[in-house]
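Q: Show me how the following folds:
(one chain, ligands or ions: 1)
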Amino acid sequence: MTEIKEKEKRNFKKNKVKKMKQSKQMQKTIAEKRIIKLFNMAEKKAKEDNFELANRYVEIARKLSMRHLVKIPKKYKRKFCRHCYSYLLPSKNCRIRIYRGKVIIYCNNCKKFSRFIIKKATK
Ligand SMILES: [Zn+2]
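A: This next block holds a predicted model:
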C-alpha cells in the first residue's frame with residue numbers, strides 16, 4: 001500500500017515539474033494580466049483614500065514583474081514613484097508639470113522628482 005502511494009506521489013511531482021516547464025510562457029502572460037489587475041485595484045483603493053493598500057498592490061506588482069521578467073506596461077510606469085514606489089494619484093499625492101518636453105512628477109511622500117520624456121506620436 002505504502003509503496004503504491006509513494007509511487008503516485010513521485011509521479012505527481014514529475015507531472016508538476018513538466019507542467020511548470022511547459023507553462024513558463026503562460027506564467028508570463030498570467031503575470032502581465034495580474035500586474036494590470038493590481039494596478040487597477042491600486043487605483044480604486046487610492047481613490048478611496050486607502051493609500052496603504054494601493055502601495056501594497058504596487059509592491060506586489062513590482063515583485064511579480066521582477067520574478068517573471070515581465071515589464072510593467074508604460075501606462076502604469078508613471079503611476080508610482082520611482083524612488084519610494086508609492087502609488088501616485090494626481091492632485092492628491094503628487095504634482096505633474098510639463099517642462100521642455102518632459103513630464104515631471106513631484107512625489108509628496110519622498111519629495112523627489114521623477115522625469116519622463118514625452119515621445120512624439122506613438123505608432
Ligand atoms: Zn516618492
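Q: those helices in the protein, which residues are they?
A: 2-22, 24-47, 51-67, 74-77 (DSSP state H).
Q: Tell me which of those sits nearest to the ion.
A: helix 51-67 (10.2 Å; C-beta to the ion). Backbone N, C-alpha and C define where each C-beta goes, glycine included.
Q: anything in the closest one sitting right up against the ion?
A: No - counting by C-beta under 5 Å from the ion, the ion is not contacted by helix 51-67; separation bottoms out at 10.2 Å.
Q: residues from this protein in reach of the ion?
A: So the chain meets the ion at 81, 83-84, 107, 109-110 (C-beta under 5 Å from the ion).
Q: Would you list the phi and psi of the residue lying closest to C94 once chain neighbours are set aside?
A: Leaving aside its chain neighbours, C94 sits nearest to L88 (4.2 Å; criterion: C-beta to C-beta, 6 or more residues apart in numbering). L88 has phi and psi values of phi -110, psi 130 when expressed as degrees, to the nearest 10.
Q: isn't L88 right next to C107, touching?
A: Yes - contact criterion C-beta atoms under 8 Å: L88 and C107 qualify, at 6.5 Å.
Q: ok, these two, which is more surrounded?
A: More crowded of L88 and C107, by other C-beta atoms under 10 Å: L88, with 26 against 20.
Q: Per-residue confidence, that one, what does it come out as?
A: What the model reports as pLDDT for L88 is 93.
Q: And R78, by the same measure?
A: pLDDT, R78: 88.
Q: With T122 instead?
A: pLDDT, T122: 53.
Q: on that earlier part again, which residues do L88 and C107 both contact?
A: Counting by C-beta atoms under 8 Å, 6 or more residues apart in numbering, the contacts common to L88 and C107 are 81, 94.
Q: Can you find the helix or strand of this protein with the lowest average pLDDT?
A: In the chain, the helix or strand scored least confidently by mean pLDDT, DSSP states H and E is helix 2-22, which has a mean of 69.
Q: Give me whichever of the helices of the chain is most buried.
A: Highest mean neighbour count among the helices of the chain (mean count of other C-beta atoms under 10 Å): helix 51-67, with a mean of 17.
Q: could you check the angle helix 24-47 makes with that one?
A: 160 degrees (axes from the mean of the first three to the mean of the last three C-alpha atoms, to 10 degrees).
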